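Asker: build me a model:
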Amino acid sequence: EVQLVESGGGLVQAGGSLRLSCAASGFTFDDYGIGWFRQAPGKEREGVSCISFTDGSTYYTTSVKGRFAISSDDAKNTVYLQMNSLKPEDTAVYFCNRVNSAGYGDAPWGQGTQVTVSS
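Answerer: Numbering: from 1, shown residues only. As a prediction, this is how the structure comes out:
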């Protein structure tokens, strides 16, 4: 069974940092990537960052470039999202998902982890 569990969210002041974790199981990492997505109240879910396990490439949406960093610990089947210089507009529920070759999250969505950035 494919499962991804997010953790690490919280309340932080603007300019602060958080590190999110995504523990994945039930599939072979080499065939996929892992992506972080977020959904703010009243908005659609958007892709934030992704790491490919086929070639190690990474992707960041424009609004987080230079502030967020994605990494992985293959031994722990865990992907991290280090978020620095957080802004109030980063407030959202953050989800991780397995990303297929077409670039879409294709596993069941988890509960996500809430990130709230106060001004």
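Asker: Q82: which element?
Answerer: Using DSSP states H and E, Q82 sits in strand 78-83.
Asker: buried sites along that strand?
Answerer: Residues 78-81, 83 are the ones in strand 78-83 that count as buried (16 or more other Cβ atoms under 10 Å). All C-beta atoms are positioned from the backbone trio N, CA, C, and that covers glycine.
Asker: just the mean pLDDT for stretch 43-53, thanks.
Answerer: Confidence for stretch 43-53, expressed as mean pLDDT, is 95.
Asker: that older thread, and the strand holding Q82, what does it pack onto?
Answerer: With contacts taken as 3 or more Cβ pairs under 8 Å, 6 or more residues apart in numbering; DSSP states H and E, strand 78-83 sits against strand 18-25, strand 33-39, strand 46-52, strand 68-73, strand 92-99.
Asker: and it, how far out from the chain middle?
Answerer: 7 Å (Cα atoms, centre = their mean, to the nearest Å).
Asker: same deal with stretch 91-108?
Answerer: Distance, centroid of stretch 91-108 to centroid of chain: 8 Å (Cα atoms, centre = their mean).
Asker: and stretch 78-89, by the same measure?
Answerer: Worked out by Cα atoms, centre = their mean, stretch 78-89 lies 8 Å from the chain centre.
Asker: so what's V64 up against?
Answerer: By Cβ atoms under 8 Å, 6 or more residues apart in numbering, the contact list for V64 reads 48-49, 83, 90.
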